[in-house]
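Colleague: What follows is a predicted structure for the sequence shown.
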Number of protein chains: 2
Amino acid sequence: MTDTAQRALAPEELREDPLRFGVGARVTVAVMSDRFVEVVLDALRRTDTTGLTVQTGDVSTYLGGAEPQLLRALTGLAETVAATGLHASITIHLSRGCPGEAVCELPGGAGPRAVVVPEGRRTGRFAAAEWALYPLADTAGAQEADHMRDILAAIELAKSNGTYRASEHFVTRLEGDLGDVIATALAGWVVVGRSVQHVTSHLTISVNSPSHARVG
Amino acid sequence: MTDTAQRALAPEELREDPLRFGVGARVTVAVMSDRFVEVVLDALRRTDTTGLTVQTGDVSTYLGGAEPQLLRALTGLAETVAATGLHASITIHLSRGCPGEAVCELPGGAGPRAVVVPEGRRTGRFAAAEWALYPLADTAGAQEADHMRDILAAIELAKSNGTYRASEHFVTRLEGDLGDVIATALAGWVVVGRSVQHVTSHLTISVNSPSHARVG
């Protein structure tokens, strides 16, 4: 607990500090190979996590910090796994605006954190993915029109960058360069986060699937 | 499209039919072994999916249907995978009250679907998991107190059945019998679904992890 935790923070202080605002990701890397231990440990070791708080667990690894650093780390981690050529499932859970578990620990509400959409990076690796995006505006009311508009904007963004493939039950199917797919999910989450404080997103990525056609 | 799709359905017709109400799951099974193809196909083949609509894809398998049949299928599938002794990650995405993708295709709103909490089944296999539960009450307002109360009730339920371990960033950590862990997630989703129409839940399960102490 720092000094500032002793007093009530102003909303802008809560929004400006990514860790206080609860900006982060949990990522699960499942490599479908007998060599999974060495591949996952090596990939985590080689990931640039500068500026992020990292906690590795048996179910997932937590990364906390600002959006551009998160995107860089998630793209790098997934790229290293994909480069092995092994089939893998990479599950990414993004969250903002609700540090803590069920009850957000943001006293009085911080309001939405508006940041620029972080730049993605192409990897040359193909990915198929399923994506869900949740604005959790408990006190919505007047905001409803805004976040439905923003979800549709996020899907439009996926259409314009070429990663959108289809609407499936409960999810949007994305396909394309692994870096573009991850950047699309981050972008949608950031865009909706401009009008809603608490936004989560879940992305399940498949790389090197035996059922994928090879894509350069 | 059936005859009934030609006319506007009454809210109770939308709520009573699990497929029309969008009750279902997407499940991704990632087996960390060179034998992943045969293990996953065998597990899917041996799962009792009576009464469910099943669509297998490269990222996940969709199961649509009523809550007890969903719980039976998810428990059976996970149990078969766990029984191989191979390390695996099983990701379950539950949804109710929003058939379709971003824009729920329930004209006018169907209201919450209240059902009894389905009975789980012990498997004798240990699991560790991370669980997130989302009431997506866009038109909340007065409902807010209700669904926060229901989320806390879902966590209390996990505490009372012994699967609750800890509050982590963005998730609740569950541990215990694999069947109890899955049943807890289904129960929370059903309980919150009594006051909120659209509820989703994401559960990432780890079985046979090298870092787990042997249980059971």
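Modeller: The structure has been received and is ready for your questions. Numbers count the residues shown, from 1 in each chain, chains lettered A, B, ... in the order given.
Colleague: Please identify which helix or strand holds the spatially most central residue of chain A.
Modeller: With distances taken as C-alpha atoms, centre = their mean, the residue of chain A nearest its centroid is A:Leu94 (3.8 Å). Using DSSP states H and E, A:Leu94 maps to strand A:88-96.
Colleague: quick one, helices of chain A?
Modeller: Along chain A, counting by DSSP state H, helices occupy A:11-16, A:18-21, A:36-46, A:67-83, A:144-160, A:178-192.
Colleague: Show residues contacting the second one.
Modeller: Counting contacts by C-beta atoms under 8 Å, 6 or more residues apart in numbering or on different chains, the residues outside helix A:18-21 that touch it are A:9, A:13-15, A:24, A:53, A:64-67, A:96-97, A:99, A:106, A:110, A:113. C-beta coordinates here come from the backbone N, C-alpha and C atoms, glycine included.
Colleague: Could I get the contacting residues of the residue nearest to the centre of chain A?
Modeller: For A:Leu94, counting by C-beta under 8 Å, 6+ apart, the contacting residues are A:Gly24, A:Ala25, A:Leu70, A:Ala185, A:Leu186, A:Trp189, A:Val199, A:Thr200, A:Ser201, A:His202, A:Leu203.
Colleague: Now, of the contacts of helix A:18-21, which are buried?
Modeller: Those of the contacts of helix A:18-21 that meet the buried threshold are A:9, A:14-15, A:24, A:64-67, A:96-97, A:99, A:106, A:110, A:113, by 16 or more other C-beta atoms under 10 Å in any protein chain shown.
Colleague: filter those residues by proximity to chain B?
Modeller: Among these, the residues within reach of chain B (C-beta under 8 Å from any C-beta of the partner chain) are A:Gly24, A:Gly64, A:Pro99.
Colleague: Lowest pLDDT pick from the residues you listed?
Modeller: Least confident entry in these, by pLDDT: A:Pro99, with 83.
Colleague: My guess is that one contacts A:Gly22. True?
Modeller: Yes: the criterion here is C-beta atoms under 8 Å, and A:Pro99 meets it with A:Gly22 at 3.2 Å.
Colleague: Distance of the closest residue to A:Gln69 other than its chain neighbours relative to chain B?
Modeller: Closest residue to A:Gln69 apart from its sequence neighbours, by C-beta to C-beta, 6 or more residues apart in numbering or on different chains: A:Gly51 at 4.3 Å. Per C-beta to the nearest C-beta, to the nearest Å, A:Gly51 is found 17 Å from chain B.
Colleague: which helices and strands sit right next to the helix or strand of chain A with the lowest mean pLDDT?
Modeller: Ranking every helix and strand in chain A by mean pLDDT, DSSP states H and E puts helix A:144-160 at the bottom, with a mean of 79. Under the contact definition 3 or more C-beta pairs under 8 Å, 6 or more residues apart in numbering or on different chains; DSSP states H and E, helix A:144-160 sits against strand A:126-135, strand A:171-177, helix A:178-192.
Colleague: Do me a favour and average the pLDDT over the shortest one.
Modeller: Translated: strand A:171-177. Mean predicted confidence for strand A:171-177 is 96.
Colleague: In terms of secondary structure, what does it contact?
Modeller: Using 3+ C-beta pairs under 8 Å, 6+ apart, strand A:171-177 sits against strand A:126-135, helix A:144-160, strand A:164-168, helix A:178-192.
Colleague: Using CSV, write out every CA atom in the second one.
Modeller: Written as CSV, here are the backbone C-alpha positions of helix A:144-160 (Å, rounded to 0.1, in the frame of the first residue of the first chain):
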residue,chain,number,x,y,z
GLU,A,144,-26.6,2.0,-23.3
ALA,A,145,-26.8,3.5,-26.8
ASP,A,146,-23.2,4.5,-26.5
HIS,A,147,-21.7,1.1,-25.7
MET,A,148,-23.9,-0.8,-28.3
ARG,A,149,-22.6,1.8,-30.8
ASP,A,150,-19.0,1.1,-29.6
ILE,A,151,-19.4,-2.7,-29.8
LEU,A,152,-20.6,-2.3,-33.4
ALA,A,153,-17.7,0.1,-34.0
ALA,A,154,-15.3,-2.6,-32.7
ILE,A,155,-16.8,-5.1,-35.1
GLU,A,156,-16.6,-2.6,-38.0
LEU,A,157,-12.9,-2.1,-37.1
ALA,A,158,-12.4,-5.9,-37.5
LYS,A,159,-14.2,-5.8,-40.8
SER,A,160,-12.1,-2.9,-42.1
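Colleague: about what we covered before: just name the most buried of the helices of chain A.
Modeller: helix A:178-192 (a mean of 25; mean count of other C-beta atoms under 10 Å in any protein chain shown).
Colleague: That one vs helix A:67-83, what angle?
Modeller: 150 degrees (axes from the mean of the first three to the mean of the last three C-alpha atoms, to 10 degrees).
Colleague: re the thing from before, need the max-distance pair from the contacts of helix A:18-21.
Modeller: A:Leu9 and A:Glu67 (20.3 Å; C-beta to C-beta).
Colleague: Just the buried positions in the strand holding A:Leu94, please.
Modeller: For strand A:88-96, by 16+ other C-beta under 10 Å, it's A:Ala88, A:Ser89, A:Ile90, A:Thr91, A:Ile92, A:His93, A:Leu94, A:Ser95, A:Arg96.
Colleague: Walk me through which strands that strand pairs with, and which way each runs.
Modeller: strand A:24-31 (antiparallel), strand A:199-207 (antiparallel) (DSSP bridges).
Colleague: Report the rounded mean pLDDT for the longest one.
Modeller: For strand A:199-207, the mean pLDDT works out to 97.
Colleague: relative orientation of that strand and strand A:171-177 in degrees?
Modeller: 50 degrees.
Colleague: hey, C-alpha coordinates of strand A:199-207 in CSV?
Modeller: Output of strand A:199-207 as CSV, limited to C-alpha atoms (Å, rounded to 0.1, in the frame of the first residue of the first chain):
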residue,chain,number,x,y,z
VAL,A,199,-14.8,-3.6,-20.0
THR,A,200,-13.6,-7.2,-20.4
SER,A,201,-12.8,-9.3,-23.5
HIS,A,202,-12.1,-12.9,-24.1
LEU,A,203,-10.1,-14.2,-27.1
THR,A,204,-9.4,-17.8,-27.8
ILE,A,205,-6.8,-18.2,-30.5
SER,A,206,-5.8,-21.4,-32.4
VAL,A,207,-2.4,-21.5,-34.2
